[in-house]
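Asks: coords please:
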Amino acid sequence: MPNNVGNQLNCTSCHLGNGSEVYAAPWNNMPSVYPIYSSRAGRVNTIQERINGCFERSMNGKALDLD
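Replies: This is a model prediction of the structure:
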């Protein structure tokens with residue numbers, strides 16, 4: 001998604017082992033956790049909003065369309 005990433009990072013830069021490594025931002029069962037309260041946002045976030053947060057903050061990029 002080169003149009004949405006503003007640096008050289010990708011998802012597995014933070015989510016080690018393709019998101020399966022414990023204590024390394026795993027993806028396992030994440031959809032079942034959301035929606036969840038985000039203290040950073042001060043409200044309940046959807047998983048789509050959380051993923052966009054990664055694109056905007058961690059990858060210095062642009063959010064994806066929510067659909």
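
Asks: give me every residue that touches Leu64.
Replies: Leu64 sits next to Met1, Asn4, Gln48, Ile51, Asn52, Phe55 when contact means Cβ atoms under 8 Å, 6 or more residues apart in numbering. Every residue, glycine included, has its C-beta placed from N, CA and C.

Asks: Show me just the buried residues among these.
Replies: Ile51, Asn52, Phe55 (16 or more other Cβ atoms under 10 Å).

Asks: could you dump the residues you listed to a markdown table with secondary structure?
Replies: Converted to a markdown table, the buried ones among the contacts of Leu64 look like this (DSSP: H, G, I helix; E, B strand; the rest coil):
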| residue | secondary structure |
| --- | --- |
| Ile51 | helix |
| Asn52 | helix |
| Phe55 | helix |
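
Asks: Just send the contacts of Leu64 back as a markdown table, with pLDDT too.
Replies: Formatted as a markdown table, the contacts of Leu64 follow (pLDDT from 0 to 100):
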| residue | pLDDT |
| --- | --- |
| Met1 | 86 |
| Asn4 | 95 |
| Gln48 | 95 |
| Ile51 | 94 |
| Asn52 | 96 |
| Phe55 | 96 |
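
Asks: Of those, which is the nearest to Leu66?
Replies: Taking Cβ to Cβ as the measure, Leu66 lies nearest Gln48 of these, at 5.0 Å.
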